[in-house]
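Undergrad: what shape does this take:
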Amino acid sequence: MLPTTIIPLIIVGIIILLPFIYSILTYNTLVALRNHISDAWGNIDTELKRRYDLIPNLVATVKGYAAHEKEVFERITQLRAQCMANRGASQEQAASENELVGALKKLLAVVENYPQLKADRHFLELQRELVNTEDRIQAARRFFNGNVRDYRNKCETFPSSIIAGMFGFEKRDYFNVAPSVREVPDADFGS
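TA: Next up, the predicted model:
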């Protein structure tokens, strides 16, 4: 049997230890969520690089049919370089990517004026690959945004918001960018 003087000390010890243990667990959870966001951003970055690698081939193919669309080609090349160099926050990257997506949509609109190009096997393969890449970007974006949501919930809800504030866990932004192309049109090759 414990002496009666020790019981109050144990209670005081528990009252002091519980917030300390909660703080440690919350801090570790926030670190894990922040690391999940970094990992998810790496997935987006990989898929964006895949898109960047496709763009020169797509531009070159269209250029062969529509050389007079020089302004569109130059804009895409400029935006591609800008996006590749952008290593800012997800919101900054999204703004650059949305400009690039807009330029790619213009390029694909130009294609509509060239039936031979729309039926070109090489172009269709590039377009299919671009659609696949866009799907992968959107999947990675959803995964990233889910991690950001969980992190923000943890940082903004009480009492974990106190720990987040004390240790400087910064707000993270969602990554919202539209796909440049959603589907590959059917082409009849006369086979």
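
Undergrad: any idea how far the residue lying closest to Ser180 once chain neighbours are set aside lies from Phe158?
TA: Spatially, and ignoring its direct neighbours in sequence, Ser180 is nearest to Leu104 (3.8 Å; C-beta to C-beta, 6 or more residues apart in numbering). Just so you know, the C-beta spots here come from the backbone N, C-alpha and C atoms, and that holds for glycine as well. Separation of Leu104 from Phe158 (C-beta to C-beta, to the nearest Å): 44 Å.

Undergrad: what about those two, which has more around it?
TA: Ranked by neighbour count (other C-beta atoms under 10 Å), Leu104 and Phe158 place Leu104 first, with 24 against 6.

Undergrad: residues in contact with that one?
TA: Leu104 makes contacts with Ile55, Leu58, Ile76, Leu130, Ser180, Val181, as judged by C-beta atoms under 8 Å, 6 or more residues apart in numbering.

Undergrad: now, of these, which are buried?
TA: Ile55, Leu58, Ile76, Leu130, Ser180, Val181 (16 or more other C-beta atoms under 10 Å).

Undergrad: the helix with the most length in the chain packs against which elements?
TA: Using DSSP state H to define each element, the chain has its longest helix at helix 6-65. Contacts defined by 3 or more C-beta pairs under 8 Å, 6 or more residues apart in numbering; DSSP states H and E place helix 6-65 against helix 70-85, helix 90-111, helix 115-119, helix 121-156, helix 160-166.
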